Structures are given as structure tokens and as C-alpha cells.
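Peer 1: One predicted model, sequence on top.
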Amino acid sequence: MALLPFLVLLFLPLLSLLLLKGKTKTGKPLKLPPSPPGFPIIGNLHQTGVLPYRTLAELSQKYGQVMLVRLGMASVVFVSTPEMAKEVLKNQDANMCSRAPLAGPRKISYDFKDIAFTPYGEWWREIRKICTLELLSPKAVQSYLHVREEEIARMIDSIAKASSDPVDISEKILSLTDSLICRTAFGKVYKGRGFDNGKLSEAVHDAMACLSNFSGEDFFPYFGWIIDTLTGHTARVDKAFHNLDNFFEKAIEDHLDPNRAKPEREDIIDVLLRLKNEQSSRIRITKDHIKGVLKDVFLASVDTSSLSMVWAMTDLARHPSVMKKVQAEIRNHVGKKGKVQESDLEELHFFKAALKESWRLHPPSPLLIARETMCDCKLDGYDIPNKTRIHVNVFAVHRDSRYWKNPDDYIPERFIENPLDVRGQSYEFLPFSSGRRICPGINMGVAIVELTVANLLYSFDWQLPKGMKTEDINMEESFNLTLNKKTPLILVPTPYD
């Protein structure tokens with residue numbers, strides 16, 4: 001009960017430090033971005049809400065495209081327009097591409113031995129190069145095509161057995177991505193001994209929640225650990241880390257087993273262990289580095305791929321005429337082959353437009369992971385001091401009415417008229433970020449999403465459960481670094497003859 005007064009007494013001596021940060025090295029006052037008024041000590045923490053990308057998008061309408069938000073003792077900059085996104089992600093990418101050494105990411109990333117959360121430096125450049133060339137290149141992703149085809153076929157068969165009963169599409173898609181990524185990374189799907197897919201899915205979800213939830217240490221660097229301990233945040237992070245670590249440890253041990261049969265194809269762990277043994281890179285790869293990369297593969301691939309597919313099917317279910325048009329395109333092109341192959345996808349232009357429109361409305365990362373400046377910078381005429389965190393609000397960028405007519409409406413045709421790419425070259429459309437920190441798994445993610453959704457639409461006609469109307473579909477969102485559908489999507493499949 002006395003926690004708040006106690007924290008106030010702890011933090012009052014630090015207020016004087018905040019007051020000293022308002023000047024440049026020359027003594028001139030800083031021209032900082034405009035900021036919403038907040039409270040002492042906590043700043044604007046109370047204003048971020050459970051869906052901060054929406055709340056901050058609304059605040060930016062009043063305070064501008066570059067906005068300073070005080071989260072405890074941390075001054076965090078949010079940009080919300082394509083112009084400022086381009087400035088951060090391209091024009092000043094070299095000065096704004098590091099990461100803040102935050103407490104939760106430090107634990108989950110094995111003390112910054114991953115790609116996503118590691119500050120910019122030699123290790124990050126080297127492991128990024130390794131992943132780009134060895135693990136996630138178009139050639140590497142193509143080598144896992146047989147895995148995608150087999151797992152998608154297995155999912156389609158399981159749905160076909162539903163006999164026109166309602167199916168939890170969210171659960172089917174999550175199970176697919178779990179199995180698919182397990183086979184791609186580990187060479188097999190783990191069952192039993194506490195390492196089944198459900199356990200892994202839970203561990204991934206818990207880790208994402210820990211990375212997105214309030215961490216006192218990140219906003220109150222001197223005494224925040226007290227808050228994290230009292231609220232149980234530290235215990236939750238430890239649990240999430242140990243669940244993932246146990247899984248990764250078991251998988252690596254299996255690969256090191258001298259009695260293990262030689263695989264036909266290398267999976268991701270095989271590649272990383274080979275690179276570790278060769279030690280041909282400029283940095284020494286350890287087991288923790290391997291686990292850090294595996295963490296990225298799972299948290300990025302399982303979560304973002306599954307949520308992208310769920311939102312795509314949700315949008316199509318809410319717009320039956322669009323679904324019929326997409327299905328007609330797919331079925332006319334594929335004919336009676338029985339399945340959609342990756343070679344078919346390039347000709348499915350309206351289908352790709354529908355996916356892009358879902359990515360626009362429901363970007364996997366509506367607030368890009370915070371970058372950190374590596375020197376004093378200028379942004380839109382404002383002073384941005386060294387070591388300042390910067391978020392790009394992709395949710396706001398994707399709804400900028402200067403670029404998107406009727407931005408809240410689902411209109412796939414806009415991507416036929418303006419066929420923007422998903423690879424971060426157009427700053428009004430950034431589903432996978434851009435610049436040095438663009439999602440390294442973009443090739444794998446797009447391959448999974450396109451082939452899965454195309455086969456779902458080719459193989460079945462989809463209706464809503466009896467008595468349900470399109471306007472009854474629950475579109476509530478939840479946020480844990482990624483933008484998830486809060487409730488499962490339930491649809492009724494009828495096999496297509």
C-alpha cells in the first residue's frame with residue numbers, strides 16, 4: 001500500500017538530473033520535440049494505454065510527426081509519418097540504428113547475442129551477414145520448400161476432416177507455423193518429454209509478452225529493479241527465458257549426438273554449428289550466439305507469420321466479395337492441380353494485393369523496436385541527443401491520409417493501382433521495417449504466408465458459423481510487440497471440388 005510514496009521518495013533526488021539534460025554541450029538550450037504534458041516521475045507512462053500504437057498515433061495528431069514522450073526517466077521519440085520514417089530508417093540510418101541495452105531484451109537475447117535487440121557493432125554486423133547469407137537468403141529459404149509444402153498439405157488434410165464443422169483457423173495456423181519452424185530450425189517436430197509444440201508456443205508467447213510489458217528498470221534505470229521484483233516482472237522474464245533455453249539446449253544436444261543420423265539437408269542449427277566449428281568469421285560463435293539466433297527465428301517467424309495469416313483470413317472473411325475475387329484468380333490460374341505451388345504465386349496479383357492490404361491495416365510490428373541514436377542528431381529541426389530511443393509508429397504511417405485514401409478501409413485494389421513492395425523501399429508502407437534493421441527473416445516470412453493463405457483459399461470455400469454476420473467478427477487487437485487478433489477466428493470450410 002505504501003509502495004507509491006516509497007518510490008516517490010526514491011526518485012525525487014533524481015529529478016535534478018532530469019533538469020540538467022536540457023542543454024547542449026555548448027550550453028545552449030536544446031530544441032526538443034513537442035511533448036504531451038505528464039506527471040512528475042512517471043511522465044507520460046499513464047497515457048500509453050494497452051494499445052500504445054493507437055494512443056500515440058492520436059497524440060501525434062496534436063503534437064506533431066516528431067513527438068517526445070517521457071516514459072519515467074527515459075525520453076523516447078516517436079515518429080509517425082512516412083517522411084520522418086524515411087529520415088530515421090534511411091537518411092540517418094547510420095546514426096540511428098543501434099539498440100538501447102534494455103533489461104528484458106538483455107535476458108531473452110542471451111546478453112545481446114542475437115540480431116533483433118543487439119546494439120550496433122561488429123558482432124551485430126557479422127551475425128547479420130551470416131544470417132542473410134547462410135540462413136535466410138532466398139536460396140536458403142527455397143531449400144526449405146519441401147517442409148512448407150508438406151506441413152501445409154498436412155494442415156489442409158486436417159481441415160478437410162472437419163466435415164463442414166466450424167474450425168478454429170487461428171489454432172490451425174499457429175500449429176502449422178510451430179511445426180514448420182521447428183522442422184526448418186531443428187530438423188524435426190518435437191513431441192513428448194515436455195517439448196511438444198504447445199509448450200513451445202506458450203514459451204514464445206510468454207517471451208513476447210515479457211518484451212512488450214512495462215519494465216521498471218528500462219524507465220527508472222537506478223531503482224526500477226525494485227518495481228520489476230515487486231510486480232513479478234523479473235520472475236516472468238526468468239521463466240520465459242528458461243522455457244526457451246531448455247528447448248534450445250535440448251535441440252542443440254540432439255544435433256551434437258554422435259549417433260544422430262546424417263540429415264539429407266542442413267537445418268538452421270546444423271548451419272550454425274558448422275559455422276561455430278569452422279570459426280571462419282571475425283567473431284567467435286558460441287552456443288549462446290546460436291541460441292540467440294534461434295530465439296530470433298522463433299519469436300519472429302512463429303508469431304509474425306501466424307498473426308499475418310490470421311489477419312489476412314479475417315479481412316477476407318469480413319469482405320466475402322473480395323474473397324470470391326481472390327479465390328477466382330487463384331483457381332483460374334492453378335486449375336485442377338490440387339494445390340497452389342510457389343511457382344504460381346507471382347501470377348496472383350490480386351491475391352498479393354489483398355495480403356499487402358492486410359499488412360497495411362495490421363502491420364506485424366505496429367511500433368518498430370526502438371532504435372537508439374549513436375550521436376547527437378537533428379530530426380525535423382529538433383535536437384535529438386545521443387542515446388535517445390526512437391520508435392517508428394508504423395500503425396500511424398500506414399494510416400496517413402495523405403498517402404492512403406480512406407485509410408481505415410480494406411481496399412486491396414489500392415495495391416493494384418500502386419504496387420508497393422513489402423521490402424521497405426516505400427516509406428508509406430513498412431510491414432517489415434527498412435534500413436539496417438529491416439526484418440532479416442522477410443524472405444521466409446513472406447514465403448510462409450503467401451503459400452499457406454493461397455492454399456487455404458484454393459482448397460476451401462469459407463463461411464461464417466451459422467447465424468453469424470460479417471459485422472459480428474471480433475476485430476479487437478492485443479499487443480505484445482506484435483499486433484495480434486485478440487480472439488480466435490472461427491470459420492466453416494467446404495472443400496472445393
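Peer 2: That came through fine.
Peer 1: just the helices in the stretch 1-150 of the chain please.
Peer 2: For the stretch 1-150 of the chain, applying DSSP state H, counting those that start in this stretch gives helices covering 3-19, 52-63, 82-86, 103-108, 122-130, 138-143, 145-160.
Peer 1: Now render those as JSON lines, adding mean pLDDT.
Peer 2: Below are the helices of the stretch 1-150 of the chain laid out as JSON lines (pLDDT from 0 to 100):
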{"stretch": "helix 3-19", "mean pLDDT": "40"}
{"stretch": "helix 52-63", "mean pLDDT": "96"}
{"stretch": "helix 82-86", "mean pLDDT": "98"}
{"stretch": "helix 103-108", "mean pLDDT": "86"}
{"stretch": "helix 122-130", "mean pLDDT": "86"}
{"stretch": "helix 138-143", "mean pLDDT": "89"}
{"stretch": "helix 145-160", "mean pLDDT": "95"}
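Peer 1: Kindly present these as TSV, with separate columns for distance to residue 351.
Peer 2: In this view, the C-beta of every residue, glycine as well, is placed from N, C-alpha and C. Formatted as TSV, those follow (distance: least, CB to CB, whole Å):
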stretch	distance to residue 351
helix 3-19	52
helix 52-63	27
helix 82-86	26
helix 103-108	35
helix 122-130	31
helix 138-143	19
helix 145-160	15
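Peer 1: so which of those comes closest to residue 239?
Peer 2: Closest to residue 239 of the helices of the stretch 1-150 of the chain is helix 103-108 (CB to CB; 10.8 Å).
Peer 1: For the closest one, which outside residues touch it?
Peer 2: If you take CB atoms under 8 Å, 6 or more residues apart in numbering as the criterion, helix 103-108 is touched by 99, 112, 116-117, 207, 210-211, 213, 215, 217-218, 224-225, 228, 233, 237-238, 240-241, 244, 295.
Peer 1: Drop anything exposed from the residues you listed.
Peer 2: Among the contacts of helix 103-108, those classed as buried by neighbour count (16 or more other CB atoms under 10 Å) are 99, 112, 116-117, 207, 210-211, 215, 217-218, 224-225, 228, 233, 237, 240-241, 244, 295.
Peer 1: In helices only, show me the residues you listed.
Peer 2: Those of the buried ones among the contacts of helix 103-108 mapping onto helices are 207, 210-211, 217-218, 224-225, 228, 233, 237, 240-241, 244, 295, per DSSP state H.
Peer 1: looking at the protein, which helix or strand is least sure?
Peer 2: Lowest on mean pLDDT, DSSP states H and E among the helices and strands of the chain sits helix 3-19, with a mean of 40.
Peer 1: could you show me where the strands are in the chain, in order?
Peer 2: Using DSSP state E, the strands found in the chain span residues 66-71, 74-79, 167-168, 371-372, 377-379, 382-384, 389-392, 460-463, 477-479, 483-485, 490-495.
Peer 1: I'd like to know the average pLDDT value across the first one.
Peer 2: Put plainly, it is strand 66-71. Averaging pLDDT along strand 66-71 yields 96.
Peer 1: Likewise for stretch 255-266?
Peer 2: For stretch 255-266, the mean per-residue pLDDT is 85.
Peer 1: Show me the contact partners of it.
Peer 2: In this structure, residues lying in contact with stretch 255-266 by CB under 8 Å, 6+ apart are 143, 186-187, 254, 269-270, 273-274.
Peer 1: need the ones in helices among the buried ones among the contacts of helix 103-108 in TSV with distance to residue 94, can you?
Peer 2: Formatted as TSV, these follow (distance: CB to CB, whole Å):
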residue	distance to residue 94
207	30
210	31
211	26
217	29
218	25
224	31
225	33
228	33
233	34
237	32
240	33
241	32
244	32
295	26
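Peer 1: can you put these in JSON lines and add pLDDT?
Peer 2: Shown next, in JSON lines, are these (pLDDT from 0 to 100):
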{"residue": "207", "pLDDT": "78"}
{"residue": "210", "pLDDT": "71"}
{"residue": "211", "pLDDT": "73"}
{"residue": "217", "pLDDT": "85"}
{"residue": "218", "pLDDT": "85"}
{"residue": "224", "pLDDT": "82"}
{"residue": "225", "pLDDT": "84"}
{"residue": "228", "pLDDT": "83"}
{"residue": "233", "pLDDT": "82"}
{"residue": "237", "pLDDT": "86"}
{"residue": "240", "pLDDT": "85"}
{"residue": "241", "pLDDT": "88"}
{"residue": "244", "pLDDT": "87"}
{"residue": "295", "pLDDT": "88"}
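Peer 1: Quick check: which ranges of the chain have low pLDDT?
Peer 2: Within the chain, the ranges that satisfy pLDDT under 70 run 1-27, 190-201, 212-214, 280-281.
Peer 1: Please repeat the previous calculation with a cut-off of 80.
Peer 2: The model of the chain has pLDDT under 80 over residues 1-28, 163-164, 188-215, 221-222, 264-265, 279-283, 298-302, 497.
Peer 1: Including neighbour count and distance to residue 152, could the contacts of stretch 255-266 go into JSON lines?
Peer 2: Listed next are those as JSON lines, based on neighbours: other CB atoms under 10 Å; distance: CB to CB, whole Å:
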{"residue": "143", "neighbour count": "14", "distance to residue 152": "16"}
{"residue": "186", "neighbour count": "24", "distance to residue 152": "19"}
{"residue": "187", "neighbour count": "20", "distance to residue 152": "18"}
{"residue": "254", "neighbour count": "14", "distance to residue 152": "25"}
{"residue": "269", "neighbour count": "22", "distance to residue 152": "23"}
{"residue": "270", "neighbour count": "16", "distance to residue 152": "23"}
{"residue": "273", "neighbour count": "18", "distance to residue 152": "28"}
{"residue": "274", "neighbour count": "12", "distance to residue 152": "28"}
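Peer 1: Just the ones in helices from those, please.
Peer 2: The members of these that map onto helices under DSSP H are 143, 186, 254, 269-270, 273-274.
Peer 1: Determine which two of the residues you listed are furthest apart.
Peer 2: Pairwise distances across the ones in helices among the contacts of stretch 255-266 (CB to CB) peak at 20.4 Å, for the pair 143 and 254.
Peer 1: circling back to that earlier point, give me whichever of the strands of the chain is most buried.
Peer 2: Greatest average neighbour count among the strands of the chain goes to strand 389-392 (a mean of 25), per mean count of other CB atoms under 10 Å.
Peer 1: just checking, what packs against that strand?
Peer 2: When contacts are defined as 3 or more CB pairs under 8 Å, 6 or more residues apart in numbering; DSSP states H and E, strand 389-392 sits against strand 74-79, strand 371-372.
Peer 1: Direction included, what does it pair up with?
Peer 2: strand 74-79 (parallel), strand 371-372 (antiparallel) (DSSP bridges).
Peer 1: so can I have a markdown table of these showing distance to residue 399?
Peer 2: Converted to a markdown table, the strands paired with strand 389-392 look like this (distance: least, CB to CB, whole Å):
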| stretch | distance to residue 399 |
| --- | --- |
| strand 74-79 | 14 |
| strand 371-372 | 21 |
